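Trainee: have a look; sequence and predicted model below, questions after that.
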Amino acid sequence: MSNTNSAFLKEMGITEWAAKDAVQAPPTVNTPIEASPAAEKISQGHWWFFGTAPQGDAQVLFQSVIRLLGLSPQEWSWKNAGDDLHQLQVPEDGLPVVALAFGGSVAQKITGEKDSLPQLRETILALNNGSNEEIPVIASFDLAQLLAKPKDKALLWQDLLLAKSVLQNI
């Protein structure tokens, strides 16, 4: 892991990485590719973040997530789960989109799933926006909840790695 990623993880409160299952090896972290901005765009795609807009310490945590993922302002946007999901348009640049839902109720609202967050996590869900294009959704913890339970930040990291993997394989 690069020193930059290590610093961001430490800033998020993740000081020790341990595999969820002792039999599995810990996932590897892809460090940012040293290439032209166009090459980075192709490897990234677009990230849609759903949930309550973070404020205060939750906003600091969210900014750390953005830096850790290496996203430019053009590569991500904040979406409100209360908005009309039928109005969401996939960007016309042809790059893939992945959505991350912060909180179980948010994941339920945008996917139509009924299960609670523990059952929704580590699963690739689909955005329920009524279009023919499926947007993959990864459910994770609400940012404010992560501030109250810092140990869960490691689980957020797992969710981010899953989302990144999904985006790279679309």
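Mentor: Yes, it's here. It should be emphasised that the depicted structure is a prediction, and the values quoted were computed from it without experimental measurement. Residues are numbered from 1 along each chain as shown.

Trainee: longest helix of this structure?
Mentor: Criterion DSSP state H: the longest helix present in the chain is helix 153-168.

Trainee: report whether residue 144 is found in a helix, as I expect.
Mentor: Yes: assessed with DSSP: H, G, I helix; E, B strand; the rest coil, residue 144 lies in a helix.

Trainee: am I right that it is in contact with residue 58?
Mentor: Yes: the criterion here is Cβ atoms under 8 Å, and residue 144 meets it with residue 58 at 5.1 Å. C-beta: built from backbone N, CA, C; applies to glycine.

Trainee: circling back: what is the longest helix of the chain packed up against?
Mentor: In terms of contacts (3 or more Cβ pairs under 8 Å, 6 or more residues apart in numbering; DSSP states H and E), helix 153-168 is packed against helix 57-69, strand 97-102, strand 136-140.

Trainee: residue 89: which of those is closest?
Mentor: strand 97-102 (10.0 Å; Cβ to Cβ).

Trainee: any idea which helix or strand comes after that closest one?
Mentor: Later in the chain than strand 97-102, the nearest helix or strand by DSSP states H and E is helix 104-111.

Trainee: average pLDDT across that next one?
Mentor: Mean per-residue pLDDT for helix 104-111: 94.

Trainee: and it, what does it pack onto?
Mentor: Helix 104-111 packs on strand 46-50, strand 97-102, helix 117-120, strand 125-126, strand 136-140, going by 3+ Cβ pairs under 8 Å, 6+ apart.

Trainee: take the helices and strands packed on helix 153-168 and lay them out in JSON lines including mean neighbour count and distance to residue 162.
Mentor: As requested, these are exported to JSON lines (neighbours: other Cβ atoms under 10 Å; distance: least, Cβ to Cβ, whole Å):
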{"stretch": "helix 57-69", "mean neighbour count": "17", "distance to residue 162": "13"}
{"stretch": "strand 97-102", "mean neighbour count": "26", "distance to residue 162": "9"}
{"stretch": "strand 136-140", "mean neighbour count": "26", "distance to residue 162": "5"}
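
Trainee: in TSV: these, plus distance to residue 122.
Mentor: Shown next, in TSV, are the helices and strands packed on helix 153-168 (distance: least, Cβ to Cβ, whole Å):
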stretch	distance to residue 122
helix 57-69	18
strand 97-102	13
strand 136-140	8
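
Trainee: looking at those, which is nearest to residue 47?
Mentor: Going by Cβ to Cβ, the one of the helices and strands packed on helix 153-168 nearest residue 47 is strand 97-102, 6.0 Å.
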